[in-house]
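In: Next one to model:
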Amino acid sequence: MWTAALFRLISNVNTTIPEIKVGESIVISLASIRKAKDNLKKIINSTPLQFSQTFTDLTKAQVFMKPECLQKNGSFKIRGAYTMLHRMADEEKARGVVTFSAGNWAQGVAYAASMLNIKAVVILPEWCNQKKIEATKGYGAEVVIYGRDSQELLKKTLELHEQKNYVYINPFSNINMMAGTAAIGIEIIEEKPDTEVIVVPIGGGALIAGIAMGAKHLKPEVKIYGVQPFGANAIYQSLKKGDIVEVKIETIADGLAVSKPDKQAVKFVGEYVDEIILVTEDEIKRAIYLLLERAKLLVEPAGATAMAGVFSGKLPDLKNKETVVVLTGGNIDLNLLKEILESNNINP
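Out: Here you go, the predicted model:
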């Protein structure tokens, strides 16, 4: 049985689930999140909130952006990767680590591992953006290209874990990793205490769960809304069914391309996220276009998915709400960007 604070299904099926007691159920302590935040100060870029009058006028919400697209490696992933590797025991660091990724997590792990002198092996899919492959290698990680979806990548990762005795890093549900991402929630509430809504894209679920934990430690009443593509909605479908669901991936948002979610990650999302909606590929493309044209921010499809949700009008009434939208990454394939900019289907 999944628990959630007012999880709402967009398919016109209303499900009311008992509201959780946040202070008693947050898995990661505030002290652990603050320690992670302090350790990251000299590692990451500061990403202050940016207000958009244009997007406020367009959506009627008071729109602020958290531009993690300007983060080191071009995404938020360095936060969780460094925190997790930094907290490993010396014996584990000596063994090296193995994990899998669609690209951004790979770069975060590779960069953090190089800073901490840890051997890192990363499994990347056959369709991975070549720039992300090159960047991961450039940061010093060993890259193995294998498989088409998250389940195939996981299989290869566990195989190397068994063969080489590397420490396996779960990219979807790792408490120390989530402590690093939870720092985003702390940063948002500390910078803007009147925040009423935080909108976050969902792939594997660790990011939104971490942000929710951090934010709700300081402000339990803040609403956390998640956005997934229709073509990569495994967590949405899993929560809807009440069991883990595997889906076929059909989306340009490669950073959210999780075909079968981790059970613990789904549980966390169910506990801490208030709403989840789904967006189309065209809605994601429109968000990328508008973010570049109006906000002058280059954002990849996964990173723009939360803003696509705000633009879509599918979220609960955001009128006049102090709303923070997390832009998770900026590592977009330039050919895809060219296609979006040249498209005649974008409606500003």
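In: For Asn345, give me the pLDDT.
Out: pLDDT recorded at Asn345 is 63.
In: go on, Gly231?
Out: On the pLDDT scale, Gly231 gets 97.
In: and it, that one's in a strand?
Out: No - if the criterion is DSSP: H, G, I helix; E, B strand; the rest coil, then Gly231 is helix and not within a strand.
In: What number of residues are in the vicinity of it?
Out: Residues lying near Gly231 (other C-beta atoms under 10 Å) number 19. C-betas here are computed from N, CA, C, even on glycine.
In: do the same with Gly313
Out: With other C-beta under 10 Å as criterion, Gly313 counts 11.
In: Show the contacting residues for the closest residue to it other than its chain neighbours.
Out: Excluding the flanking residues, the one nearest Gly313 by C-beta to C-beta, 6 or more residues apart in numbering is Thr59, at 7.7 Å. Counting by C-beta atoms under 8 Å, 6 or more residues apart in numbering, Thr59 touches 310-311, 313, 318.
In: tell me how far the ends of stretch 124-142 are from each other?
Out: 10 Å (C-alpha to C-alpha, to the nearest Å).
In: on that earlier part again, can you list phi and psi of the residue nearest to Gly313 for me?
Out: phi -110, psi -20 (degrees, to the nearest 10).
In: just the helices in the stretch 1-150 of the chain please.
Out: 22-25, 30-40, 53-59, 77-86, 90-95, 104-115, 130-138, 150-164 (DSSP state H, counting those that start in this stretch).
In: Between helix 77-86 and the second one, find me the angle.
Out: Relative orientation of helix 30-40 and helix 77-86, computed by axes from the mean of the first three to the mean of the last three C-alpha atoms, to 10 degrees: 110 degrees.
In: mean confidence for helix 30-40?
Out: When pLDDT is averaged over helix 30-40, the result is 97.
In: Tell me the buried residues in the helix or strand Glu283 falls within?
Out: Using DSSP states H and E, Glu283 sits in helix 281-294. By 16 or more other C-beta atoms under 10 Å, the buried positions in helix 281-294 come out as 281, 283-292.
In: Following the chain past it, name the next helix or strand.
Out: helix 301-312.
In: That next one - contacts with which helices or strands?
Out: The contact analysis (3 or more C-beta pairs under 8 Å, 6 or more residues apart in numbering; DSSP states H and E) places helix 301-312 against helix 53-59, strand 197-201, strand 223-229, strand 275-279, helix 281-294, strand 322-327.
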